[in-house]
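A.B. asks: attaching a predicted model along with its sequence, questions to come.
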Amino acid sequence: MSRKAANERVLEFIDHYSTTDNSLLEVEFFFYTSSQDDASNLSIDLFKLGYKLYAIDEPDAARKNWGVMGITKKMKMDDESITIWTDKMDALAEANNAEFDGWGTLIDPEI
């Protein structure tokens, strides 16, 4: 599935729970790298964007790559904003020899 199709699918799910294009939500993100140096450099770049990191996982028997996970500041949940943001995350991944594995968000039906 393409990044655009994945974005549209998640946004449709968000819309289903009455979150509007004007909603501001934090977005969780997931990256993978093959080296500790790349994970560290990626983490620094994400920190510079004001994002909080909550895990930098070392490889283990079940996983051979480093995982970098965190959360953004609140951002708009519309197609244009998410597309721009995911393009930026893809470019950040490429610059740091990483793979941007996707994103998600917690939905509050009361919004």
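C.D. replies: Structure received.
A.B. asks: distance of the residue of the chain positioned farthest from its centre relative to residue 101?
C.D. replies: What lies farthest from the middle of the chain is residue 61; by CA atoms, centre = their mean that is 24.7 Å. Going from residue 61 to residue 101 by CB to CB, to the nearest Å gives 20 Å. Heads up, the C-betas are built off the backbone N, CA and C, glycines and all.
A.B. asks: repeat for residue 24
C.D. replies: Where residue 101 is concerned, residue 24 sits at a distance of 23 Å (CB to CB).
A.B. asks: between those two, which one's more packed in?
C.D. replies: Taking neighbours as other CB atoms under 10 Å, residue 24 and residue 101 compare with residue 101 leading, 15 against 12.
A.B. asks: is that one in a helix, a strand, or coil?
C.D. replies: Using DSSP: H, G, I helix; E, B strand; the rest coil, the structure places residue 101 in strand.
A.B. asks: correct me if wrong: it contacts residue 31.
C.D. replies: Yes - the pair residue 101 / residue 31 is scored as a contact, 6.3 Å apart, by CB atoms under 8 Å.
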